[in-house]
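*Asks:* Got a predicted structure plus its sequence, pasted below:
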Amino acid sequence: QWIYHIWTNLNLTAGQSPRWPKPRTSGSTSRYTARDIATWSTLMARSLAAGGAGRGDIIHNAYGYGLFTGGLGAHYGAEKLGASVIPMSGGNSKKQLMIMQDFGSTVLTCTPSYSLYLAEAAAEEGIDIRQLKVRVGILGAEPWTEKMRNEIEAKVGIKAIDIYGLSEILGPGVGIECIEAQSGLHIWEDHFIPEIINPDTGDVLPEGEQGELVITTITKEGIPMIRYRTRDITRIIAEPCICGRTHRRLERMCGRSDDMLIIRGVNVFPSQIESVLMDIEGVEPHYQLIVEREGTMDSLEVQVEVNEKTFSDEIKVLQTLSRRIEKEIKDLLGINCRIRLVEPKTIARSEGKAQRVVDNRPK
């Protein structure tokens with residue numbers, strides 16, 4: 001009843017936009033009651049099951065166990081599911097690999113970028129990570145593209161499943177891809193009400209249109225959220241899924257409205273740059289966007305790693321590759337940018353969320 005009361009109060013008279021709660025990141029604080037923790041555990045168990053995990057699995061949990069909700073959420077869900085869970089947390093990749101080998105881990109939970117980092121660390125140790133028993137990765141906490149999924153599945157030898165959540169709403173487990181389709185995140189509508197709005201006007205968009213995701217919690221007791229702006233850009237998929245689940249799906253997040261860069265009047269999402277890079281042979285899935293202010297104009301430099309073979313090629317080959325990346329980004333986005341090809345392992349790796357953007361413009 002209280003949800004309905006506040007909901008109707010937010011539905012203002014015609015022509016007015018609702019007063020949306022202030023958006024914050026998934027790393028910010030929230031409050032949970034004992035019942036919230038029980039609900040969260042159940043939803044994470046449901047999510048892990050949808051992603052292909054079961055009672056007999058050994059879940060290698062490499063999400064952080066600090067104030068970040070990823071580690072605890074995956075742990076609670078694994079226990080509720082009846083699976084075994086290895087509480088590794090992040091860091092110490094050599095030890096991670098040793099534990100994966102010794103315990104025969106079958107499910108990996110971590111960020112997408114860290115799964116690739118583990119593949120690199122394994123190669124350095126002379127380990128073929130694809131020969132381990134891990135068959136599924138439930139990966140989240142940062143945006144990633146379909147092309148990056150293909151990269152992860154090829155290098156790690158797993159089915160890569162996207163999971164979605166944010167601390168203010170509950171934590172991970174708000175939605176997840178099913179292993180049957182890997183096409184859209186089932187959002188658990190018995191606990192959350194999703195809407196899509198125009199991020200500029202706040203107007204609710206028709207079902208199927210892309211915009212900013214807004215979520216209302218139905219069952220959360222500790223700081224329930226009414227029409228909370230997530231800043232994540234997606235759309236609702238109403239068509240039935242082949243897995244048979246009846247919850248509607250969200251298209252995989254294509255970016256965030258607050259991560260969007262405006263370069264000389266053009267809206268640029270890091271995921272758009274990534275989609276270009278993942279199509280080009282010779283480059284690695286590690287990049288950074290450096291934004292500077294030159295006089296009164298903004299400039300964008302794309303730093304991208306090349307693989308060992310490409311880096312050892314002649315300067316002329318590297319120049320050709322650089323020009324190709326520059327052209328394809330311009331063709332897609334309509335902006336000029338500098339391309340800087342760097343040697344392998346130059347760009348800093350993250351054990352948590354990858355830092356894709358370095359904005360050096362004056363505040």
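*Replies:* Nice, I can see it.
*Asks:* hang on, isn't residue 49 packed against residue 81?
*Replies:* Yes: with contact defined as C-beta atoms under 8 Å, residue 49 reaches residue 81; the gap is 6.3 Å. Placement of C-beta: from N, CA and C, glycine included.
*Asks:* neighbour count winner among these two?
*Replies:* Each of residue 49 and residue 81 has its neighbours counted (other C-beta atoms under 10 Å); residue 81 has more, 22 against 18.
*Asks:* dump the residue contacts of the more buried one.
*Replies:* 45, 48, 49, 53, 54, 55 (C-beta atoms under 8 Å, 6 or more residues apart in numbering).
*Asks:* What subset of the residues you listed is buried?
*Replies:* By the neighbour-count criterion of 16 or more other C-beta atoms under 10 Å, these include these buried positions: 45, 48, 49, 53.
*Asks:* Same list (these) but as TSV, adding secondary structure.
*Replies:* Listed next are the buried ones among the contacts of residue 81 as TSV, based on DSSP: H, G, I helix; E, B strand; the rest coil:
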residue	secondary structure
45	helix
48	helix
49	helix
53	coil
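*Asks:* Mind putting the residues you listed into JSON lines with pLDDT?
*Replies:* Below are the buried ones among the contacts of residue 81 laid out as JSON lines (pLDDT from 0 to 100):
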{"residue": "45", "pLDDT": "98"}
{"residue": "48", "pLDDT": "98"}
{"residue": "49", "pLDDT": "98"}
{"residue": "53", "pLDDT": "98"}
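*Asks:* Work out for me the element residue 323 sits within.
*Replies:* Using DSSP states H and E, residue 323 sits within helix 315-333.
*Asks:* elements contacting that helix?
*Replies:* On a contact count with 3 or more C-beta pairs under 8 Å, 6 or more residues apart in numbering; DSSP states H and E, helix 315-333 meets helix 270-277, strand 297-306, helix 308-311, strand 338-342.
*Asks:* could you give me the average pLDDT of the first one?
*Replies:* Which is helix 270-277. Taken as a whole, helix 270-277 carries a mean pLDDT of 88.
*Asks:* Next SSE downstream of that helix?
*Replies:* strand 283-294.
*Asks:* Paired strands for that next one, with orientation please.
*Replies:* Here strand 283-294 has these sheet partners by DSSP bridges: strand 297-306 (antiparallel), strand 357-359 (parallel).
*Asks:* Any idea which of those gets closest to residue 224?
*Replies:* Closest approach to residue 224 among these is made by strand 357-359 (31.9 Å; C-beta to C-beta).
*Asks:* got a list of contacts for that closest one?
*Replies:* If you take C-beta under 8 Å, 6+ apart as the criterion, strand 357-359 is touched by 259, 261, 270, 288, 289, 290, 291.
*Asks:* Let me have these in JSON lines, adding neighbour count and distance to residue 173 as columns.
*Replies:* Shown next, in JSON lines, are those (neighbours: other C-beta atoms under 10 Å; distance: C-beta to C-beta, whole Å):
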{"residue": "259", "neighbour count": "16", "distance to residue 173": "22"}
{"residue": "261", "neighbour count": "19", "distance to residue 173": "30"}
{"residue": "270", "neighbour count": "21", "distance to residue 173": "25"}
{"residue": "288", "neighbour count": "21", "distance to residue 173": "30"}
{"residue": "289", "neighbour count": "21", "distance to residue 173": "30"}
{"residue": "290", "neighbour count": "16", "distance to residue 173": "35"}
{"residue": "291", "neighbour count": "18", "distance to residue 173": "34"}
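*Asks:* ok, so of those residues, who is nearest residue 304?
*Replies:* Within these, proximity to residue 304 (C-beta to C-beta) peaks at residue 288, which comes in at 8.1 Å.
*Asks:* Tell me how far the closest one lies from residue 347.
*Replies:* For residue 288, the distance to residue 347 (C-beta to C-beta, to the nearest Å) stands at 6 Å.
*Asks:* what sits in contact with each of those two?
*Replies:* What both residue 288 and residue 347 touch, as defined by C-beta under 8 Å, 6+ apart, is the set residue 303.
*Asks:* returning to that earlier point: which residues sit against the helix holding residue 323?
*Replies:* So helix 315-333 is contacted by 266, 268, 272-273, 275-277, 279-280, 282-283, 302, 304, 306, 310-311, 335-341 (C-beta under 8 Å, 6+ apart).
*Asks:* Can you say which of those residues are buried?
*Replies:* 268, 272-273, 275-277, 282-283, 302, 304, 306, 310-311, 335, 337, 339, 341.
*Asks:* where along the chain do the helices fall?
*Replies:* Remark: helices assigned in the chain by DSSP state H are 2-10, 34-50, 69-81, 93-103, 112-124, 146-156, 270-277, 308-311, 315-333.
*Asks:* Let me have the ones you listed in CSV, extended by distance to residue 359.
*Replies:* Shown next, in CSV, are the helices of the chain (distance: least, C-beta to C-beta, whole Å):
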stretch, distance to residue 359
helix 2-10, 33
helix 34-50, 33
helix 69-81, 25
helix 93-103, 29
helix 112-124, 19
helix 146-156, 22
helix 270-277, 11
helix 308-311, 27
helix 315-333, 17
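*Asks:* related to what we said a few turns ago, output the contacts of residue 81 as TSV; include the columns distance to residue 208.
*Replies:* Converted to TSV, those look like this (distance: C-beta to C-beta, whole Å):
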residue	distance to residue 208
45	30
48	29
49	28
53	31
54	33
55	37
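*Asks:* I'd like to know which of those residues is nearest to residue 95.
*Replies:* residue 53 (22.5 Å).
*Asks:* which residue packs closest to the closest one, ignoring adjacent ones?
*Replies:* Spatial nearest neighbour of residue 53, excluding adjacent residues (C-beta to C-beta, 6 or more residues apart in numbering): residue 107 at 4.8 Å.
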